[in-house]
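Peer 1: fold the stuff below for me.
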Amino acid sequence: MIVEVKTRTTDLFGEPEMEVKPAKMRAIVRTADAYIQLSGFQGETRFDVIGILLGGGKVVLNHIKDAFLARM
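Peer 2: Coordinates of the predicted model:
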């Protein structure tokens with residue numbers, strides 16, 4: 001499992017996990033592919049995104065499983 005974590009102190013401009021845009025997804029996939037090639041990993045790969053919102057003395061965590069697919 002590959003996880004991208006985004007944290008914000010306010011949701012004024014949207015949820016933190018929404019900041020994982022296509023360019024960032026491509027970079028994550030390229031990095032994961034390089035790691036898999038170097039390590040010889042043979043299992044399945046899943047790309048998750050975790051958004052963490054810190055504010056008002058609370059922590060809100062949103063875990064999105066299979067957030068995107070590896071399309072290169």
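
Peer 1: where along the chain do the strands fall?
Peer 2: Listed from the start of the chain, the chain has strands (DSSP state E) covering 2-8, 47-55, 58-68.

Peer 1: the closest residue to K6 other than its chain neighbours and R30: what is the separation?
Peer 2: In space, not counting the residues next to it along the chain, K6 is nearest to P16; the distance is 3.9 Å by CB to CB, 6 or more residues apart in numbering. Every C-beta, even on glycine, is put in place using the N, C-alpha and C of the backbone. Taking CB to CB, to the nearest Å as the measure, P16 and R30 are separated by 22 Å.

Peer 1: tell me which of these two has more neighbours.
Peer 2: For P16 versus R30, the count of surrounding residues by other CB atoms under 10 Å is larger for P16: 23 against 12.

Peer 1: just checking, that one touches L53?
Peer 2: Yes: between P16 and L53 there is a contact under CB atoms under 8 Å: 6.1 Å.

Peer 1: can you list residues touching both of these two?
Peer 2: Each of T7, R8 lies in contact with both P16 and L53 under the rule CB atoms under 8 Å, 6 or more residues apart in numbering.

Peer 1: what about the protein, any weak spots by pLDDT?
Peer 2: By pLDDT under 70, the low-scoring segments of the chain are 72.

Peer 1: L38: which of the strands of the chain is closest?
Peer 2: L38 sits nearest to strand 2-8 of all the strands of the chain, at 14.3 Å, using CB to CB.

Peer 1: what residues sit buried inside the closest one?
Peer 2: Taking 16 or more other CB atoms under 10 Å as the neighbour-count basis, strand 2-8 is seen to contain the buried residues I2, E4, K6, R8.
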